Structures are given as structure tokens and as C-alpha cells.
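*Asks:* I need the structure of the sequence given here:
(2 chains)
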2 protein chains.
Amino acid sequence: MRATYMYGAGDVRVIDAPDPAIEHSTDAIVRVVRSCVCGSDLHPYHNMREVPAGRSMGHEFVGVVEELGSDVRTVRRGDFVIAPFAWSDGTCEFCLEGLQTSCRHGGVWNAGDVRGGQAEAVRVPLADGTLVAVPVEEDSPLIPSLLTLSDVYGTGYHAAVKARVTADTSVTVIGDGAVGLMTVLSAKQLGAQQIILMGRHKDRTDLGREFGATDVVSARGEEGVALVRELTRGDGSHVVIEAVGHMPAYEQAIGVVRPGGVISRVGVPQYGSAPVGFGSLFGPNVTLTGGLAPARAYIDTLLPGVMDGSVNPGKVFDREIPLDAIADGYRAMDERQALKVLVRP
Amino acid sequence: MRATYMYGAGDVRVIDAPDPAIEHSTDAIVRVVRSCVCGSDLHPYHNMREVPAGRSMGHEFVGVVEELGSDVRTVRRGDFVIAPFAWSDGTCEFCLEGLQTSCRHGGVWNAGDVRGGQAEAVRVPLADGTLVAVPVEEDSPLIPSLLTLSDVYGTGYHAAVKARVTADTSVTVIGDGAVGLMTVLSAKQLGAQQIILMGRHKDRTDLGREFGATDVVSARGEEGVALVRELTRGDGSHVVIEAVGHMPAYEQAIGVVRPGGVISRVGVPQYGSAPVGFGSLFGPNVTLTGGLAPARAYIDTLLPGVMDGSVNPGKVFDREIPLDAIADGYRAMDERQALKVLVRP
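*Replies:* The predicted structure is shown next:
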């Protein structure tokens, strides 16, 4: 089959790789219908060291079940399925608590002998706990929105849930990438009345307004902080979602959060340490939360809105390319020519 | 009057200072009945740079109202009062939300022209918002426990409340100082079934057991972390309270917290930055909360238990000294000969 590998920063290739096969009785083989490129894929695209054997890529995909191990019970051959970005048993304490990213027996794609979704097919471990079957055909117009449930929509929702967004909380979202926009949509769904989106790309912030942003601040750094404070009576906002992962975004979050408020991070942090001392978090009683989103936990909650068309998170995809052209997709996202690229094997 | 000033690390003196006087119509003058030395006073005791004019000290005191500004309504001359460690108007949004440490018009003792509680008397700004009158005589045996409501009991309770301790959360408390022990008591009051106290001083951890600790771990670092993990089925505890403020305690907290859990800090951090990246907080979805405790917010909740004797937080005081000997009190606490020193002007 054809599959995407990265060999170092900026070096993405589609190669012939062995077809996946059932290895354990709890596995399923899924033929990929659509996958995509994630903002987090751009981190290794910028700084991955050269690896001669390459690293398989992709952690978001939807597809059709082609083969099943003998112990799989909840999905059948021919089912259309969503695969969240971590695989999990669905039965351990952590899974039952909705923290599938800490599953006792789970893992992530592209680690160990589990390969990635930017390919023609994937071996899915622990298929019962991982996959969610959805009654749609593989040419359904809902597919882009269903694909966001693999990661970005669930990740945005996680940010808002961990921050305990309600109708009484003002929200500032830092970052107008797909996750930032999904957070805007999620905050709106949870009832937030004021949603300030900090982002510099008008086409993206326009989509953010469509998803529910009430204000857009395009300035960054001190100027951006001052503008958000103006919009929040000088106090800052109850909730700040950091959907970027770089230190300037973290510092901006400290700058715009209200005393007693919450910073919820879902941008994968590209730093190890950060300010948490008296002046930043401790003195004003700011809570730092968020983390790697258990996308699986939110599919049941978010699926109905996608199925009935009341939300359309698939609008974050503004380009579709064939798998063999995926290097162009990475480049387009890296150069901010595309917001999020849908990939068709 | 006699008052305590610090002139540099290790240099604490009791001097003759001007008597406090009403400066604003919302002030009260309180004659101090008891004050005490705080674990956080030991931070400047270790590292304060020399200041020729000295810095007034003390932020915990109870006393009797001696004089009132013309606009004070809620306390009267002769009232016995508790002064929490921040003064606040009691009427702004932050105060109404229970975050008096972020009061729009408030502040802390020993800043600007507001002096401290390790003295014979104190000018209390915004007396209506700050002071809580309690119907006791000034020789009541309840006074040590009432004094803990100035800071350490409210601080311990804040740690537990911010971490959302319930009957379903296991709790680990790092630090067997007065705040750590008050956190144990608070976690117990909020229903925690397992409370692991990490501390090395047997007399203190014995008191911790009396307050509700179910387990004591005296080892620190990796060994301590391993022991706490053994006590929590290998997972770590849902809630970790960091009641020290130094980096090794923060690192220990990262080591013993369960995925999806909460680290709540009430030890004043003696560091600016700390690990918050993928491996520490983000990957396992650990929340970092806590902060400067709004002690005023908890007095109404905690006072009844003190008054009816069902709790006895005053047991953290294991030594009483006259004001003129306060330098000995600092030394005794610094050398861990005393847990917490009560000061009698």
C-alpha cells in the first residue's frame, strides 16, 4: 500500500509500505477513506532530526472496516468508522473515566509497530475500544465533519470542558488554527456569551466568527493583551484557551487571563518549562489545565450535532489532495496557504 | 509601640515604632492579642537583602478593636476580631466571588504604609471587608485555633477546595509544616478517604494522623514517589497538595499525581518557572491549581467547627513566646525545633 513517512524536517514522502495485517485477535484493518494533516504534524516538519528508516505519519482518519480479529465485537466488516487519535481498550478505569489517552493498554498511532493514518490502510489495535461505527456511506458529505471527531473537534471540546466553560464564563481563544476554531465552536456550544478569538488570518477568523467568536483580536504580544483587556473591562477573561503550543502563546495567555481564571492548553507544548510562579499563576490564583485530548471520550457527545447538521466543523478543511500529493499538503499548511488539508488515498 | 522588623536575612528585631493611627474613615486600630510566625516568613529570613530601614513583619493576628474610622459599620470598639492575611473591601466583584486576595481596593500587610501583625497594634484598612468579629473573650482557649483562620487553616482549606477534594479523591499532601497539616484536616473535612502525608518530622506527622492522615511517607525524591505509588495501586493520587514552595516539592508532586489529577499549590513558590510540558503536565492531563489563599473567604465556613470544638487547628502551635523574644521564635521555626510559634505582645 501507499503510506506517508517523514524522514526529517521538511522531508515527507509517500512510499510503498507493507499492507497491514491482523496481528492480534482484537485488531481491525481499516481501509482509509479520508485522512488529513494536523497542525501538530508541523512540529516534526519543522524540527525532526533525520531518520533513515523514516517515521510513519497521520493520526486522524475515517474509513471502512475490511478485516477483523476473532475477538472484535462492536464493529463489523463494511462498517464506516471514526478512529480517534489514540487507541484504547475502552474498559480500564481511565477509559471509563473518559481519559482514554491514559488507557492502561492503549497507545498512539506511529509508535512501536502501530502505523499511521496518512496511508491507504491501518491496523487498529483494540478495535472495540477505539473505533466508533457511524451509519454513513463513504461518499457522504458529512465525512469532513466526521473526520474532525478524530482529533481537532474533540481537542477543542476538551479544552473548553477542562476549562469548565459555561454561559457565565468569558472565553479568549489564542490561535486561529483548526483546533483554535474548534474551541470557538465548542465554547459556543457550552454557552459562552463572549468568545474573543486571537488570530491574524482573516479567512480563518471569519470562519471563527461563523463558529461563534464575538470578537477578533489580530494583534499579538503586549498590544494584543491590551486589546483583550479592553474587551473584558480591564480584568482579562475567565477562560483562556491556548491552542498553539509555543511559548509566546503561553505568555499571551498569562497576559489575558482574569484573576481566579483558567488557562486551558491543547496546543502540544514545544517547551518543557514555563512561568508558573507568584507573578504569573500563583498570586492571581490562575489554574493551568488541559492536555492531550481523549478525543474518543467526546465522540458520543459531539456526533449527534454532526449527523443532524446543526454544526459543520468540517469547514476547517479548505483543501483536498490525493495521498500521493501529501507533501504539497504539508507545505501548504506550513506556509499558511491552507488551514487544514483533507487527504484522499 | 513594640513591633517586629526584619533588616536582612536572619536579622529580626523588635523595635519601638510609632503607634498606628486612623488615617482613613474605613480604618480600624486593632490591639493585637496574639500573632504568630508563618512558614512563609522564613523565606525572607533566608534570603532577604539588607534593608537599612527594615521591613515590618507579620500577617496573622487576632485582637481587640480599639479605635474606628467614622465609616466602619460591621465591627465595634471592644470586639474581638480575626484579621485574614489580606485586607479587602468585601464589596467588589472579586470579593463577592470569594477571591479577596484579588480585591480591587485591597492589599496585604507590610506593603506600602500598612504595617504588620507581629506588633502591639495594627492599622487595619477597609475594616468592614477585612475583620471578622467573634464572640469570645481575649483569654479564651479557642484563641490559637481562631488565629489559624488568619492564614494557615484557610490556606490549607483553599488548597483542598481548589483541588475539588471529595470522598472520591485520594489525596497526597507534600509538606508537614502548619499549612500541610491544615490541608490534611481540610481534606478530611471534605470527605477524603485516603490522605497520604509526606513529611519527615515524626511529631508533625503524628499530629497529621490526628488531623486525618491515613498514611505517612517520610522518604523524599524518587523513593518517596515510589512509596506513594505503592499506596495508590501504582497510579498516583487524584489530588496532590504542594504545601512547601520549593522546586523539589513541585517535582515530587509531578511524580505522585495520577493521570487526569490535580496538583494544588499553596506553598509560596520560590521559583519562577517549572516543568509544565508534555512529560510533566500536558501528556497526562494534570491540572495545576491553587495560589494565594483568600483566607477571608473561608472564615465563615470554618468558624463554626472551631467555635464548637469539633476541630482544633490551634494544635499546630507548639510554642508561645513574648513579642520581645520573637527572634528566638524565628530561629526555632527555622531550625525545626518549633512547628509554629504563637506570639504574645
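*Asks:* Which one of the residues in the stretch 1-150 of chain A is closest to chain B?
*Replies:* A:Ser102 (3.7 Å; Cβ to the nearest Cβ). C-beta coordinates here come from the backbone N, C-alpha and C atoms, glycine included.
*Asks:* what's that residue in contact with, if anything?
*Replies:* A:Ser102 makes contact with A:Phe94, A:Pro294, B:Pro259, B:Gly260, B:Pro284, B:Asn285, according to Cβ atoms under 8 Å, 6 or more residues apart in numbering or on different chains.
*Asks:* and the most centrally placed residue in chain A, what pLDDT?
*Replies:* Centroid check for chain A by Cα atoms, centre = their mean gives A:Val152 as the closest residue, at 2.7 Å. The model reports A:Val152 with a pLDDT of 97.
*Asks:* next one: phi and psi at it?
*Replies:* phi -60, psi -40 (degrees, to the nearest 10).
*Asks:* Next, work out how far apart it and chain B are.
*Replies:* For A:Val152, the distance to chain B (Cβ to the nearest Cβ, to the nearest Å) stands at 17 Å.
*Asks:* Can you give me the neighbour number for A:Ala243?
*Replies:* 31 (other Cβ atoms under 10 Å in any protein chain shown).
*Asks:* now do A:Asn312
*Replies:* 17.
*Asks:* which residues sit in contact with the nearest residue to it once chain neighbours are set aside?
*Replies:* Of all residues not flanking A:Asn312 in the chain, A:Ser145 sits nearest, at 5.9 Å (Cβ to Cβ, 6 or more residues apart in numbering or on different chains). The neighbours of A:Ser145, taking Cβ under 8 Å, 6+ apart as the test, are A:Tyr153, A:Val306, A:Val311, A:Asn312, A:Pro313, A:Gly314.
*Asks:* Apply 7 Å and report the result again.
*Replies:* A:Val306, A:Asn312, A:Pro313, A:Gly314 (Cβ atoms under 7 Å, 6 or more residues apart in numbering or on different chains).
*Asks:* Identify, from the residues you listed, the entry nearest to chain B.
*Replies:* A:Pro313 (22.2 Å).
*Asks:* residues contacting that closest one?
*Replies:* A:Ser145, A:Thr148, A:Tyr153, A:Met182, A:Leu185, A:Val306.
*Asks:* Tell me the spacing between it and A:Ser145.
*Replies:* Relative to A:Ser145, A:Pro313 is positioned 5 Å away (Cβ to Cβ, to the nearest Å).
*Asks:* Kindly report the same for A:Tyr157.
*Replies:* As judged by Cβ to Cβ, A:Tyr157 and A:Ser145 stand 13 Å apart.
*Asks:* for A:Val262, same thing?
*Replies:* Counting by Cβ to Cβ, the separation of A:Val262 from A:Ser145 is 28 Å.
*Asks:* ditto for A:Pro345
*Replies:* A:Pro345 sits at a distance of 19 Å from A:Ser145 (criterion: Cβ to Cβ).
*Asks:* cool, and A:Glu66?
*Replies:* According to Cβ to Cβ, A:Glu66 stands 23 Å off from A:Ser145.
*Asks:* Pull out the CA atoms of the one helix or strand A:Glu223 maps to and give them to me as CSV.
*Replies:* Applying DSSP states H and E as the criterion places A:Glu223 in helix A:221-231. Output of helix A:221-231 as CSV, limited to C-alpha atoms (Å, rounded to 0.1, in the frame of the first residue of the first chain):
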residue,chain,number,x,y,z
GLY,A,221,2.1,40.3,22.4
GLU,A,222,1.5,43.3,24.6
GLU,A,223,-0.7,45.1,22.1
GLY,A,224,-3.0,42.0,21.8
VAL,A,225,-3.1,41.6,25.6
ALA,A,226,-4.1,45.2,26.0
LEU,A,227,-6.9,44.8,23.4
VAL,A,228,-8.3,41.7,25.1
ARG,A,229,-8.2,43.5,28.5
GLU,A,230,-10.2,46.4,26.9
LEU,A,231,-12.8,43.9,25.8
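*Asks:* Please confirm that A:Gly180 is located within a helix.
*Replies:* Yes. A:Gly180 forms part of a helix when assessed by DSSP: H, G, I helix; E, B strand; the rest coil.
*Asks:* Which residue ranges of the stretch 101-250 of chain A form helices?
*Replies:* With DSSP state H, counting those that start in this stretch, the ranges of helices along the stretch 101-250 of chain A come out as A:127-130, A:143-148, A:152-162, A:178-189, A:202-211, A:221-231, A:247-256.
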